[in-house]
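Participant: need a 3D model of the sequence below.
(one chain, ligands or ions: 1)
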Amino acid sequence: MGTKIITFGTFDVFHIGHIKILERAKSLGTHLTVGVSSDELNFRKKGRNPIYSQEDRAYIISSLRCVDDVFIEESLELKGEYIKKYNANILVMGNDWEGRFDIYKNLCDVIYLPRTPSISTTEIIEIARSITP
Ligand code: C2G
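Facilitator: Below you'll find the model as predicted:
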């Protein structure tokens, strides 16, 4: 039996930081499940709608070689249920969430990986906005 990894994110305007964390997450085990935040959850977290719809974001994530399974994450509070449902052995999160999900250490290992420096969806949106036609 292999090691099952679970991770979560919005993955809006997919970029290099996203693929790198997914590949590093997968390298910790043999099976990677990704919870893609719903549009509504993203609005609650960040106060704005994502640029790409949840269907398109989930489609992009499911097309990646390192990803085995994708579902829509409806609420941050349901993490424990998702960990159990998908039989995850390790929860992987970016270190922008350092410590925030330690409560799940009774269900599985919890590992925070360093973010890729100098890139974010917010920054890409700001750059795109600042380019005048
Ligand atoms: N990430 C990264 N490097 C970056 C940008 C993002 O490693 N330069 C990682 C984040 O740390 C996160 C993942 O990519 O682990 C997805 O990032 P977001 O889409 O910003 O995820 P977020 O909205 O923080 O959602 O349940 C938790 C949330 O759903 C996490």
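
Participant: which residue ranges of this structure form helices?
Facilitator: 16-27, 39-46, 54-62, 79-85, 121-130 (DSSP state H).

Participant: and the shortest one, what's its mean pLDDT?
Facilitator: In this model, helix 79-85 has a mean pLDDT of 98.

Participant: how about that helix: buried residues?
Facilitator: The neighbour-count check on helix 79-85 (16 or more other C-beta atoms under 10 Å) flags 79, 82, 83 as buried. Bear in mind the C-beta positions are built from the backbone N, C-alpha and C, glycine included.

Participant: just those residues that are near the ligand?
Facilitator: With C-beta under 6 Å from any ligand atom as the criterion, the buried residues of helix 79-85 include none near the ligand.

Participant: now, which of these sits nearest residue 101?
Facilitator: Distance to residue 101 across these (C-beta to C-beta) is lowest for residue 79, with 6.4 Å.

Participant: now do the contacts for the closest one.
Facilitator: For residue 79, the contact set (C-beta atoms under 8 Å, 6 or more residues apart in numbering) comprises 8, 91, 101, 104.

Participant: go with 7 Å
Facilitator: By C-beta atoms under 7 Å, 6 or more residues apart in numbering, the residues touching residue 79 are 101, 104.

Participant: and it, how far from residue 9?
Facilitator: With distances taken as C-beta to C-beta, to the nearest Å, residue 79 is found 12 Å from residue 9.

Participant: quick check: residues of the protein near the ligand?
Facilitator: 8-12, 17-18, 21, 37, 45, 73, 76, 93-94, 96, 115-116, 119-120.
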